[in-house]
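1. predicted structure and sequence below. I'll ask about it afterward.
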Amino acid sequence: MAVLRDRTALVTGGASGIGAAIAAAFTAEGARVIVADRHPVPGDASAIRLDVTDEASVSAAVAEAERRLGGLDVLVNSAGILTESPLAEMSAATWAETIAVDLTGVFLCCRYAVPGMIARGGGRIINIASQLGIKGGVGLAHYAAAKAGVIGLTKSLALEVARHGVLVNAIAPGPVETPMVDGITEDWKRAKRAELPLGRFGRPEEVAPTAVLLAADPGGNLYVGQTLGPNSGDVMP
């Protein structure tokens, strides 16, 4: 069965990594998907250019997705960046860039998608957080702070809009083999693999089914403000 048949979805950060895997999984399950990314999506006529740090860009992208799809059933906030720096050596610009993309970008996309979902009588929002937002990470204070903010935003927005049929949840993956981790040193990655009970990083296609669950009916119907953790055992709540 195509569990997302006739659902519409906008996936930010969908040009690569977890976002691309979620977009592919949604499409395979029957959804009509628009990918939004600041990088081009080769050969994808349904893609939209989007800078999640730019409010005008977000507003225009959400409006365009709603126009093309006839409204949004699902929003996946997967756009993100990852860099490494000890806090005592981190520039304010590095901090601000990470917060802008990884946290404020989620806020802006939710801000412009929620009204349409409420008007349609419901929807699903899936925010990609990280297990580092729960446990922290050496050299990653900016990233962990942003992802902790995503988890807090998810819970708060869920409380605000569940009564309107809009269910908001987060996925907090562990380390995943994506282009985003290219900015992290091999020493950090080697040490991280040694910590994981599973002994390896995940793959994007192993995270995507969690998003399908949260987007599906009845699979995701009782999830409100939750943070699901496909994380190789790195965090065990």
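-> Nice, I can see it.

2. and the strands in this structure, which stretches?
-> 8-12, 32-37, 48-49, 74-77, 123-128, 166-171, 227-228 (DSSP state E).

3. quick check: buried residues in stretch 216-230?
-> 216, 220, 223, 224, 225, 226, 227, 228, 229, 230 (16 or more other C-beta atoms under 10 Å). For the C-beta atoms, the positions are set from N, CA and C on the backbone; glycine is no exception.

4. reformat the strands of the chain as a markdown table; add mean pLDDT.
-> Below are the strands of the chain laid out as a markdown table (pLDDT from 0 to 100):
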| stretch | mean pLDDT |
| --- | --- |
| strand 8-12 | 98 |
| strand 32-37 | 96 |
| strand 48-49 | 96 |
| strand 74-77 | 98 |
| strand 123-128 | 98 |
| strand 166-171 | 98 |
| strand 227-228 | 98 |
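
5. with distance to residue 143 as added columns, please give the ones you listed in JSON lines.
-> Compiled in JSON lines, these are given as follows (distance: least, C-beta to C-beta, whole Å):
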{"stretch": "strand 8-12", "distance to residue 143": "17"}
{"stretch": "strand 32-37", "distance to residue 143": "19"}
{"stretch": "strand 48-49", "distance to residue 143": "24"}
{"stretch": "strand 74-77", "distance to residue 143": "15"}
{"stretch": "strand 123-128", "distance to residue 143": "12"}
{"stretch": "strand 166-171", "distance to residue 143": "15"}
{"stretch": "strand 227-228", "distance to residue 143": "16"}
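
6. thought residue 68 was touching residue 46?
-> Yes - using C-beta atoms under 8 Å, residue 68 is in contact with residue 46, at 7.4 Å.

7. ok, and what's touching the least confident helix or strand in the chain by mean pLDDT?
-> Lowest mean confidence among the helices and strands of the chain (mean pLDDT, DSSP states H and E): helix 186-195, at a mean of 91. Applying C-beta atoms under 8 Å, 6 or more residues apart in numbering, the contact partners of helix 186-195 are 84, 138, 139, 175, 181, 199, 200, 201, 234.

8. any idea which of those residues is least confident?
-> Least confident by pLDDT among those: that is residue 181, with 85.

9. ok, that residue touching residue 82?
-> Yes - counting by C-beta under 8 Å, residue 181 touches residue 82, with 6.5 Å between them.

10. which one's more surrounded, those two?
-> residue 82 (22 against 16; other C-beta atoms under 10 Å).

11. give the other helices and strands that the longest helix belonging to the chain contacts.
-> Counting by DSSP state H, the longest helix found in the chain is helix 141-161. Helix 141-161 sits against helix 92-99, helix 105-120, strand 123-128, helix 132-135, strand 166-171, with contacts defined as 3 or more C-beta pairs under 8 Å, 6 or more residues apart in numbering; DSSP states H and E.
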